[in-house]
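# Prediction below, plus the sequence it came from.
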Amino acid sequence: MGKLIADEPRMFYITGLHNAHAMETQAIQLLTRQVERLENYPELEARLRAHLEESKAQRTRLEEVLQTLDEQHSALKEAVLGLGGNIAALAHTAASDEIIKNTLANYMFEHFEIAAYKSLIAMSEFIGHPAGAAAAQASLREEEAMAAWIDERIGTTTTIFLERVSAGETADH
Ligand SMILES: [Fe+2]
């Protein structure tokens, strides 16, 4: 029983790492869908493409952390986490204000990721796993930079959208 209690924090840490891995898979899917559709927002498209590559590297980083814990990443485990449904609802490809909805959703998603990495940092420090803490710190900095970039661009993106609407140009993506 004592052993079980001692292993529980480690178990939650590993669960947290798997959840973050599933989260990055969702990020990659969301970003891929968005950059494929974007045509009229080149600056936004370039930043999303850069973050797509960052997200792939973040997911690899999590796989490496799991390997140092002798945890093989399992796709099956990820499927059971039930994260997919919620985040898939963030895709707004049919909306006439698609670019606005995606901007708001991306802002929300980045902050979810920030919270996830902050929690992983606390867990890895509690467990005493510096490699995991360093990996989560690196990803956290990238998510914060992305969130700050979106934050700065919310007004501009909205204005460009309305300008294009007023001019009768394609504005939604
Ligand atoms: Fe990410």
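Done, it's in.
# Would you mark the buried spots in stretch 62-70?
For stretch 62-70, burial by neighbour count (16 or more other C-beta atoms under 10 Å) applies to 62, 65-66. For the C-beta atoms, the positions are set from N, CA and C on the backbone; glycine is no exception.
# likewise stretch 102-110?
102-107, 109-110.
# shaky segments in the protein?
1-6, 71-93 (pLDDT under 70).
# For it, which residues are neighbours of the ion?
27, 55, 58, 113 (C-beta under 5 Å from the ion).
# repeat that with 8 Å
Within reach of the ion by C-beta under 8 Å from the ion, the chain has these residues: 23-24, 27, 51, 54-55, 58-59, 110, 113, 139, 142-143, 146.
# Just send those back as CSV, with distance to residue 38 and secondary structure too.
Output for the residues of the chain next to the ion, formatted as CSV (distance: C-beta to C-beta, whole Å; DSSP: H, G, I helix; E, B strand; the rest coil):
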residue, distance to residue 38, secondary structure
23, 22, helix
24, 21, helix
27, 16, helix
51, 13, helix
54, 17, helix
55, 16, helix
58, 21, helix
59, 22, helix
110, 17, helix
113, 20, helix
139, 24, helix
142, 20, helix
143, 21, helix
146, 16, helix
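# so what does the helix or strand hosting residue 155 touch, helix or strand wise?
Using DSSP states H and E, residue 155 falls within helix 130-166. Packing partners of helix 130-166 (3 or more C-beta pairs under 8 Å, 6 or more residues apart in numbering; DSSP states H and E): helix 42-68, helix 98-127.
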